[in-house]
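In: Provide a 3D model corresponding to the input given below.
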Amino acid sequence: MRRRSAWLGLYAVAMAFVEAAVVVDLRALLLSARILLPLVPMPAAMAAVEIAREAATVVMILAVAVLAAGGWMEAFLLYA
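Out: Take a look at the predicted model:
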């Protein structure tokens, strides 16, 4: 039960981060005059947020796999 609660907590934190990153991205895109055109390189700070968002997404997928699995091997197979 404790293991499952820890993974659920980790999932909640990761999901909250993903949502926050999306808000930051949308604000930056919508407040700029260019919106999406022409395509320009992403600023370093925004790229760091995007990389962290992708990592949080991987954590969310792993958390669900661990919660659904009976053991570590099954969790790995579900994740893969």
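In: Between the two ends of stretch 30-48, what distance do you get?
Out: 19 Å (CA to CA, to the nearest Å).
In: I'd like the mean pLDDT over it, please.
Out: Averaged across stretch 30-48, the pLDDT comes to 72.
In: ok, now stretch 58-68?
Out: What stretch 58-68 shows for mean pLDDT is 83.
In: counting contacts, what elements does the longest helix along the chain pack onto?
Out: Longest helix in the chain, counting residues (DSSP state H): helix 2-31. In terms of contacts (3 or more CB pairs under 8 Å, 6 or more residues apart in numbering; DSSP states H and E), helix 2-31 is packed against helix 44-68. C-betas here are computed from N, CA, C, even on glycine.
In: which other residues reach the helix it packs on?
Out: The contact list for helix 44-68 (CB atoms under 8 Å, 6 or more residues apart in numbering) reads 3-4, 7-8, 10-11, 14-15, 17-18, 21-22, 24-25, 28, 42, 75-76, 78-79.
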